[in-house]
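# sequence unknown, structure follows:
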């Protein structure tokens, strides 16, 4: 469904992602891990064209997003993206953060959008927060609202860029819980994370990146018995952190 | 002093009305043009908008008023004094308001724009729902300050014969030979108006404050 073909991308002419090919099929949970600076986050941003690749091609459901005539808005209506720093709109109540995109991008009526937003909040255990402003919530709650906002758009694939990295340990747990619940829904997920236990729980496929390339890729057994030395040393490193 | 106040109160009040009228009209014109210049400044036309903004900010308003009122007739554009004053003040304020809006827009974190982008917002929707609401809020103090500036600068309209507050003060001073009182009263009225509008800015800021949000 999502195909990255020899993608090279970066900033100011300097490649950070140095030729990555990756395929994600419908419903698949892919976890991308790797040391910081390995290009994981950039790879996610390239996948939704927030960062334009220098070269390589990206396809979503057969449409080439990297072509000049690509309908990016249509593609983005099918993808969800959750940022490390949540990026909720601070001037809108929680309910409007979720309902506004439904109205103006998906064409829902006010009432439909509101009902859908309330339903998603309820599903994620966020009922009662709808009239709060984002900055009145804890980081963990904000991130769960951000997940709700992405989920409400009914995406076929969700990208999560270190969704718990900005959070204190006690707040991480509630977000990971929400993500586990989302993982059961059959939406494809591509998650960049350092959370080993979470990766072991949800990953259908694990991708280890280093220095802009994939150094190892496989099912979740990669996490317990990596074949390459680079993956081994990286996993030893994060084991130690936990 | 009391008799002085009562005998000219009505006359001065009419001047206040004219001053407020000029101020409101030029400020509104300035805001509309400022918004257009903002749009231009963020587009490939940015060089053109700089070519407007810089000279306007770099020349005296009084000279600009003279160019419009005394200068334009030479190329066949003859405007009455009131129109000239409003136009000059408005065109001048536009340059300043454009800069206020531009710096507020520039201060919006890129993460907000990215969030809108990945949700599938069009460029126009991102402006309408994310950038402008945040930028306008953060520019309220500067925009109100600019209003106060226009209010004070509207006194320059008196030099092309608009009988607004300052000009009426001049007349009263000339009739009564009591220039000190006349101009003090005129100054006090300007001050009260400016102070009131500044306070209004605080009120507006509080009312539009985003809970938990600090800065743009």
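Yep, that arrived. This one's a predicted model, so the numbers in the text were calculated from it and none came from an experiment. Residues are numbered from 1 along each chain as shown, chains lettered A, B, ... in the order given.
# May I have the residues that are in contact with residue 211?
You didn't pick a chain, so chain A it is. With contacts defined as C-beta atoms under 8 Å, 6 or more residues apart in numbering or on different chains, the neighbours of residue A:211 are A:18, A:37, A:38, A:39. C-beta: built from backbone N, CA, C; applies to glycine.
# that's the other chain; I wanted chain B
A:132, A:133, A:135, A:136.
# which among the residues you listed end up buried?
Neighbour counting with 16 or more other C-beta atoms under 10 Å in any protein chain shown marks A:132, A:133, A:136 as buried within those.
# Which one of these is nearest to residue A:204?
Using C-beta to C-beta, the shortest approach to residue A:204 within these belongs to residue A:132, at 35.1 Å.
# Not counting its neighbours along the chain, what's nearest that closest one?
Nearest in space to residue A:132, with sequence neighbours left out and distances taken as C-beta to C-beta, 6 or more residues apart in numbering or on different chains, is residue A:94 at 5.4 Å.
# So that neighbour is in contact with residue A:128, correct?
No - taking C-beta atoms under 8 Å as the contact criterion, residue A:94 and residue A:128 are not neighbours in contact, 9.8 Å apart.
# Which residues of chain A lie near chain B?
Chain A comes close to chain B at residues A:48, A:50, A:73-74, A:76-77, A:79-81, A:83, A:85, A:87-91, A:100-101, A:104-105, A:132-136, A:149, A:153, as judged by C-beta under 8 Å from any C-beta of the partner chain.
# switch to 7 Å and redo it
If contact is defined as C-beta under 7 Å from any C-beta of the partner chain, the residues of chain A in contact with chain B are A:48, A:50, A:73, A:76-77, A:81, A:83, A:85, A:87, A:89-91, A:100-101, A:104-105, A:133, A:135-136, A:153.
# What helix or strand is the residue nearest the centre of chain A located in?
Note on chain A: the residue nearest the mean C-alpha position is residue A:160, at 1.6 Å, using C-alpha atoms, centre = their mean. With elements taken from DSSP states H and E, the one containing residue A:160 is strand A:157-161.
# Over that strand, what's the mean pLDDT, rounded is fine.
When pLDDT is averaged along strand A:157-161, the result is 96.
# how far away is the residue of chain B found nearest chain A from residue A:195?
With distances taken as C-beta to the nearest C-beta, chain B approaches chain A most closely at residue B:212, which sits 2.6 Å away. Taking C-beta to C-beta, to the nearest Å as the measure, residue B:212 falls 27 Å from residue A:195.
# For the nearest residue to residue B:57 once chain neighbours are set aside, list the residues it contacts.
Among residues not flanking residue B:57 along the chain, residue B:95 sits closest, at 5.2 Å (C-beta to C-beta, 6+ apart). When contacts are counted by C-beta atoms under 7 Å, 6 or more residues apart in numbering or on different chains, residue B:95 is found next to B:52, B:53, B:56, B:57.
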